[in-house]
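Engineer: quick one, fold the following:
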Amino acid sequence: MQKSKLLIGILGALAALPAVAQEAGGNSPFSGEVRLVSQYVYRGIAQTGGKPGIQGSFAYEHSSGVYAEVEASSSSFFSDLAADRVANALPPEGASNSSLELDISVGFKNELANGFRYDAGFMGYNFPGTYAPGVTKANTDEVYGAVGYKWLTAKYSYSLGDTFGVSMAKGTSYLEVNADVPVAEGLTVCAHVGKQTYKGTTADTLTAAGANPSYTDYRLGVSKELGGFDLGLAYSKTNAATGAGTFYHILNRDLGKGTVVLSVGRSF
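Structural biologist: Residues are numbered from 1 along each chain as shown. The predicted structure is shown next:
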């Protein structure tokens, strides 16, 4: 309950700040969004156990290209993982009382001539919760770089250490290509492919035990602006290993399986 109240408070603040900044006059460098999703899927992996989620973001962007952003989302992945380990009488992993993901990013981006652009920065993922002694925390730090041309973008993210609960995983990476193709007024077709590659001795041990955490994910969807709202429909799927004992099989669910995601958001 306390985590839910904290998330609602954060989202309320995120929604209010851009409006306050706009009232101060002029074109505000602040922006924000609040979004409801049928489930939270990140890099192809379900983060809310197939249940709905609420998300929000607040960003500041200077005319020089320097920016900072805070994002908040409901998330049950690591509390579900902890419950799964208890249910199967296994050593602890994950975090109990974990229902919030809070991410902070800072970076620099710029638009170049003829439709080219680039973006580089740092992102910290934070998962508050109660971790058992000796359990690797889910908090993750990445640096990233992206290049784009018109509707096509390629991005590479590189982990600086422990990665989403996998210890000694420096060098773990995520390479993705995204296409957002406008096809009509306010209507965009979105396609994505990404590859999550874990590195390090812990990842090697998991792989040898048949629980390879690395995978490729795919997503295809559409987004539509309608009456001031952003509507989305997408299908997401991965080739992550499935079945009991695999890395993304939690509480009898394969979290990387094909799934449909609906979303509705409002930007401020």
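Engineer: drop to CA atoms for contacts and neighbour counts, all remaining ones
Structural biologist: OK.
Engineer: need the phi and psi values for the residue positioned nearest the centre of the chain.
Structural biologist: Among the residues of the chain, residue 42 comes closest to the average C-alpha position under Cα atoms, centre = their mean, at 4.4 Å. Reported as degrees, to the nearest 10, the phi and psi values for residue 42 are phi -120, psi 130.
Engineer: same check, this time on residue 201
Structural biologist: Here is the backbone geometry of residue 201 (degrees, to the nearest 10): phi -70, psi -40.
Engineer: the nearest residue to residue 244 once chain neighbours are set aside and residue 151, how far apart?
Structural biologist: In space, and not counting its chain neighbours, residue 244 is closest to residue 252: 7.4 Å by Cα to Cα, 6 or more residues apart in numbering. Here residue 252 is placed at a distance of 38 Å from residue 151 (Cα to Cα, to the nearest Å).
Engineer: of those two, who's got more company?
Structural biologist: Taking neighbours as other Cα atoms under 10 Å, residue 252 and residue 151 compare with residue 151 leading, 13 against 10.
Engineer: not counting sequence-adjacent ones, nearest residue to the more buried one?
Structural biologist: Ranked by Cα to Cα, 6+ apart and with sequence neighbours excluded, the top spatial neighbour of residue 151 is residue 180, at 5.2 Å.
Engineer: so the one you found bridges to which residues?
Structural biologist: For residue 180, the beta-bridge partners under DSSP bridges are residue 190.
Engineer: so it makes contact with residue 186?
Structural biologist: No - under the criterion of Cα atoms under 8 Å, residue 180 makes no contact with residue 186, lying 11.9 Å away.
Engineer: neighbour count for those two, which is higher?
Structural biologist: The neighbour count for residue 180 versus residue 186, taken as other Cα under 10 Å, is higher for residue 180 (18 against 11).
Engineer: so who does that one touch?
Structural biologist: 151-152, 188-191 (Cα atoms under 8 Å, 6 or more residues apart in numbering).
Engineer: how about residue 44?
Structural biologist: Listed by Cα under 8 Å, 6+ apart, the contact set of residue 44 reads 217-219, 236-238, 256.
Engineer: which of those residues fall within strands?
Structural biologist: Among these, the members found in strands (DSSP state E) are 217-219, 236-238.
Engineer: of those - the most surrounded one?
Structural biologist: The member of those that has the most neighbours, counting by other Cα under 10 Å, is residue 236 with 24 neighbours.
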